[in-house]
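# Quick one: sequence plus predicted model below, questions after.
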Amino acid sequence: MQLNLNKPICFFDLETTGINISKDRIVEISILKVHPNGKEDTYTKKVNPTIPIPPEVTKVHGISDADVADAPTFKEISKEVHNLIKDSDLGGFNSNRFDIPLLAEELLRSEIDFDMKNTQSIDVQTIFHKMEQRTLSAAYKFYCDKNLDDAHSAEADTKATYEVLKAQLERYEDLENDTKFLAEFSSRKKFADFAGFLIFNKEGEECFSFGKHKGKRVVDIMEQEPGYFGWLLNADFPLYTKKVLTAIKLRQFNNKLD
């Protein structure tokens with residue numbers, strides 16, 4: 001099976017100092033660039049993150065401070081990374097939620113204007129989750145090791161759902177046995193930025209997802225409280241979030257001129 005490509009696609013993976021998109025850094029990057037003719041180019045580099053790699057993270061990917069002490073910083077390789085991917089679509093596993101956002105931060109931090117406007121992104125994990133069975137019957141078998149014989153009868157499905165949730169709480173230590181936590185954990189929203197600080201409402205308008213203006217339209221707050229925009233740009237938010245906010249501000253300004 002060969003991919004039907006209109007342009008190259010770069011599958012990539014990052015090893016990092018942690019999972020905080022705005023604060024953590026890349027310690028290794030690997031890119032597999034697949035061309036429309038099937039030709040493949042591989043690029044792999046260790047990276048000095050310029051911050052310590054926590055021991056618990058080293059246990060996951062096996063890369064220690066000593067391993068990257070003499071490696072180039074990301075800024076030093078940022079141009080060659082960007083040159084490799086700038087004409088390509090992107091692909092990865094959980095890449096839409098983690099690898100692409102973190103790569104964007106590193107590139108913007110290196111003063112390279114990374115943008116996804118003309119780039120398609122394929123997240124193989126999402127395809128996996130959508131294609132493999134995610135029915136209540138499958139969950140009941142997986143978590144409770146029971147067959148849901150009366151599937152699609154309301155009473156059986158209701159009881160099975162309750163049993164599955166209790167089994168999930170027993171299986172996963174990270175899940176808190178708290179209704180508010182579980183409600184937030186299980187919610188899905190469409191983000192306007194990578195990190196989830198900006199979401200789209202039902203009308204497709206950007207809204208804040210946090211703080212005192214949670215749920216309010218970004219354009220309204222910028223109009224009513226101009227100083228808030230300046231605070232956001234100077235606060236500890238991901239660079240890509242700031243980039244999106246700046247684009248909204250510019251769009252708002254241009255609309256006033258029209």
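Done, it's in.
# which stretches of the stretch 1-150 of the chain have low pLDDT?
By pLDDT under 70, the low-scoring segments of the stretch 1-150 of the chain are 1, 131.
# repeat that with 80
Within the stretch 1-150 of the chain, the ranges that satisfy pLDDT under 80 run 1-2, 127-134, 150.
# That one: helices as residue ranges?
Assignment of helices within the stretch 1-150 of the chain using DSSP state H, counting those that start in this stretch yields the ranges 55-61, 74-85, 100-109, 124-131, 136-144.
# if I look at residue 217, how far off is residue 227?
Residue 217 sits 17 Å away from residue 227, going by C-beta to C-beta, to the nearest Å. C-beta here means a position set from N, CA and C on the backbone, and glycine is covered the same way.
# Ok, residue 35 next?
In terms of C-beta to C-beta, residue 35 sits 49 Å off from residue 227.
# go on, residue 125?
Counting by C-beta to C-beta - residue 125 and residue 227 are separated by 40 Å.
# cool, residue 75 as well?
32 Å.
# more crowded one of those two?
Ranked by neighbour count (other C-beta atoms under 10 Å), residue 75 and residue 227 place residue 75 first, with 16 against 8.
# Any idea how many residues pack against the residue nearest to that one when sequence neighbours are not counted?
Distances taken as C-beta to C-beta, 6 or more residues apart in numbering put residue 110 closest to residue 75, at 4.4 Å, once the chain neighbours are dropped. For residue 110, the count of nearby residues is 17 (other C-beta under 10 Å).
# tell me the contacts of residue 4?
Contact analysis of residue 4 by C-beta atoms under 8 Å, 6 or more residues apart in numbering lists nothing.
# what do you get for residue 31?
Residue 31 touches 10, 11, 12, 41, 42, 43, 44, 81, 84, 85, counting by C-beta under 8 Å, 6+ apart.
# Any idea how many residues pack against the last one?
With neighbours defined by other C-beta under 10 Å, the count for residue 85 comes to 21.
# That one contacts residue 11, doesn't it?
No - Residue 85 is beyond contact range of residue 11, at 10.5 Å (criterion: C-beta atoms under 8 Å).
# The stretch 151-258 of the chain: helices as residue ranges?
Using DSSP H, counting those that start in this stretch, helices in the stretch 151-258 of the chain cover 154-171, 179-185, 218-224, 226-234, 239-257.
# and those helices, which one is worst for confidence?
Among the helices of the stretch 151-258 of the chain, helix 179-185 carries the lowest mean pLDDT, a mean of 77.
# Pick the most deeply packed of the helices of the stretch 1-150 of the chain.
helix 100-109 (a mean of 22; mean count of other C-beta atoms under 10 Å).
# This completes my enquiry, with thanks.
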